[in-house]
Structures are given as structure tokens and as C-alpha cells.
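In: 3D, please:
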Amino acid sequence: MAITGNNVICNGSSTSLTASGGIAYIWSNNATTTSISVSPATTTTYIVTATDINGCNGTATRTVTVNPLPTVNISGNNTICIGNSTTLTAGGASTYVWNTGASAAITRLSR
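Out: Reported below is the predicted structural model:
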């Protein structure tokens, strides 16, 4: 028996877990399908019991770890006059994409 699927997700996301090795399945959430879609709020372990063609049962487990979302912030002058510019700096994450298409933590905004 085996379970495949992402075992690390971000808070608010979901993943599909798929069991193999049997012809009938019962998951710890009472689903009886081969695959389940899960979106746990905290790290959760899922267990599936599978029955093979001989009527034998086996189990498999899969722990889905839920990572918290980053707390992103922007610093810099948020009021500028026409013809001037300011520098905005993002913090709280490892990569960034601004609505202007820039991908650096620091971007220059002109008005």
C-alpha cells in the first residue's frame, strides 16, 4: 500500500493524495475513493486502509505539513508629488513580484 501526493503545502492550499495497492480503500476521513483532496489548517496525518483482490488489508500513512504564509510588508514613502519618485522595500518573504512586474525586494516608483 502507498500514498502519493504533496506532503508540504502552504496554509490555505490543498493537495490530492492518491492510494495504490488495493481494489477498495477507506481513508481516515471516511472517504472510499482512490484519491482525496485535502486542505488541512495544521499538519495532519492521513491513513488509508486498502483491500487487495485476495481480501487482505494493508495500511499506509502520509503526513501533510502546512507551512504558514509569510507576513509581507512594504516600507517607503507612500505619498509623492507628480514628477518625483520613491523607493519601496518589501520584507517578510524570500521572493517578490510587484504589480509592475519587478521581482526585487526594492523597487522604484515614479509618479
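In: For T49, report the pLDDT, please.
Out: As predicted, T49 sits at a pLDDT of 98.
In: any idea how far L88 is from it?
Out: Going from T49 to L88 by Cβ to Cβ, to the nearest Å gives 53 Å. Bear in mind the C-beta positions are built from the backbone N, C-alpha and C, glycine included.
In: Who are the contact partners of the residue nearest to I47 when sequence neighbours are not counted?
Out: Using Cβ to Cβ, 6 or more residues apart in numbering and skipping the chain neighbours, the partner closest in space to I47 is S28 (4.2 Å). Going by Cβ atoms under 8 Å, 6 or more residues apart in numbering, S28 touches T45, Y46, I47, V48.
In: Among those, list the two that are farthest apart in space.
Out: T45 and V48 (11.0 Å; Cβ to Cβ).
In: who has more neighbours, these two?
Out: More crowded of T45 and V48, by other Cβ atoms under 10 Å: V48, with 26 against 10.
In: quick one: contacts for that one?
Out: Residues counted as contacts of V48 (Cβ under 8 Å, 6+ apart) are M1, I3, L17, A19, Y25, I26, W27, S28, T59, A60, T61.
In: Lowest pLDDT pick from those residues?
Out: Ranking these by pLDDT puts M1 at the bottom, with 87.
In: I'd say that one and T59 touch.
Out: Yes. The pair M1 / T59 is scored as a contact, 6.1 Å apart, by Cβ atoms under 8 Å.
In: Need the residues touching each of these two.
Out: Counting by Cβ under 8 Å, 6+ apart, the residues touching both M1 and T59 are V48, T49, A50.
In: A41: which of these is nearest?
Out: Nearest member of the shared contacts of M1 and T59 to A41, counting by Cβ to Cβ, is V48, at 20.7 Å.
In: Look up the closest residue to the closest one, ignoring the ones flanking it.
Out: Computed as Cβ to Cβ, 6+ apart, the closest residue to V48 that is not its neighbour in sequence is A19, at 4.4 Å.
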